[in-house]
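[1] here are the coordinates; sequence isn't available:
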């Protein structure tokens with residue numbers, strides 16, 4: 001099964017296998033609209049983060065989002081602004 005992660009810049013294709021973190025994600029059967037929110041949808045952000053907080057693959061999801069520079073949506077319990085900060089630190093680590 002191929003799942004497309006929606007972004008404005010890139011639409012990476014993710015191949016799901018039974019072993020993949022995506023197949024274990026709690027959000028896999030939920031609507032993308034719950035995770036790709038408008039800029040001022042704080043209630044929606046809180047709900048998405050609550051799902052992520054219970055997810056067994058939250059760390060893998062966040063790692064994917066940081067490494068592939070996902071700029072929209074909630075990934076691994078982090079908003080786009082939170083991920084930008086995390087990515088800056090990750091890029092500094094990679095450079096050293």
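    Thanks, I have the structure now. What you are looking at is a predicted structure, and each value in this text was computed from that prediction instead of being measured.

[2] please count neighbours and contacts with C-alpha atoms only from this point.
    OK.

[3] got a list of contacts for the helix ranked longest in the chain?
    Longest helix in the chain by number of residues (criterion: DSSP state H): helix 80-95. Outside helix 80-95, the residues within contact range by CA atoms under 8 Å, 6 or more residues apart in numbering are 65, 66, 67, 69, 70, 71, 72, 73, 74.

[4] what's the local residue count around the nearest residue to residue 37 once chain neighbours are set aside?
    Counting by CA to CA, 6 or more residues apart in numbering, residue 37 lies nearest to residue 73, which is 6.4 Å off, once chain neighbours are set aside. The tally of other residues near residue 73 (other CA atoms under 10 Å) stands at 25.

[5] just the one 4 residues further on next, same as before
    Applying the criterion other CA under 10 Å, we find 24 residues in the vicinity of residue 77.

[6] the helix or strand where residue 48 lies: how far from the chain's middle?
    Element membership for residue 48, per DSSP states H and E: helix 42-54. In terms of CA atoms, centre = their mean, to the nearest Å, the centre of helix 42-54 is set 12 Å apart from its chain centre.
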